[in-house]
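[1] just coords:
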């Protein structure tokens, strides 16, 4: 994987490449972040183990999130309702909207996440350390 310091550089990553964070039953792989996009966005790939919960209901005050399901179904809680999202489903979640996700299936599920603007990835090392210490 090539890490770049400029938004003008090409980033080429193969399957599974990127900055990987293990978060208990979830794995996040960051493909591009604020340093590589002039803080405009970040892109990450998330995988959930079978029958596992996501991070729990939360919101982001200044981040718009989009999700594109790669392998599903994944159940997303958005606002005040659950959505069962099959592969190919796109979901946009405005800032200040409560959300989470869970895998209720017998297989690994995954999605691509775009955060606008970037910066959420700054929390990933601390989150990974917390999961490692509390497993």
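    Okay, I see it. Just so it is clear, the structure is predicted and the values come from calculations on it, not from any experiment.
[2] where do the strands sit along this structure?
    19-23, 26-32, 42-48, 52-53, 64-71, 74-78, 81-85, 90-93, 99-103, 109-116 (DSSP state E).
[3] mind putting the ones you listed in CSV, mean pLDDT included?
    What follows is the strands of the chain, written out as CSV (pLDDT from 0 to 100):
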stretch, mean pLDDT
strand 19-23, 93
strand 26-32, 95
strand 42-48, 96
strand 52-53, 94
strand 64-71, 97
strand 74-78, 97
strand 81-85, 97
strand 90-93, 98
strand 99-103, 97
strand 109-116, 97
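[4] select, out of those strands, the one closest to residue 12.
    strand 26-32 (10.2 Å; Cβ to Cβ). Every residue, glycine included, has its C-beta placed from N, CA and C.
[5] check which helices and strands that closest one sits against.
    On a contact count with 3 or more Cβ pairs under 8 Å, 6 or more residues apart in numbering; DSSP states H and E, strand 26-32 meets strand 19-23, strand 42-48.
[6] looking at the strands of the chain, which is closest to residue 130?
    strand 19-23 (8.4 Å).
[7] quick check: angle from that closest one to strand 26-32?
    160 degrees (axes from the mean of the first three to the mean of the last three Cα atoms, to 10 degrees).
[8] partners of strand 19-23, with directions?
    If you go by DSSP bridges, strand 19-23 pairs up with strand 26-32 (antiparallel).
[9] so the strand it pairs with versus strand 109-116, what angle?
    40 degrees.
[10] returning to what we had before: turn the strands of the chain into CSV, including distance to residue 124.
    Below are those laid out as CSV (distance: least, Cβ to Cβ, whole Å):
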stretch, distance to residue 124
strand 19-23, 5
strand 26-32, 7
strand 42-48, 9
strand 52-53, 18
strand 64-71, 15
strand 74-78, 20
strand 81-85, 23
strand 90-93, 19
strand 99-103, 17
strand 109-116, 11
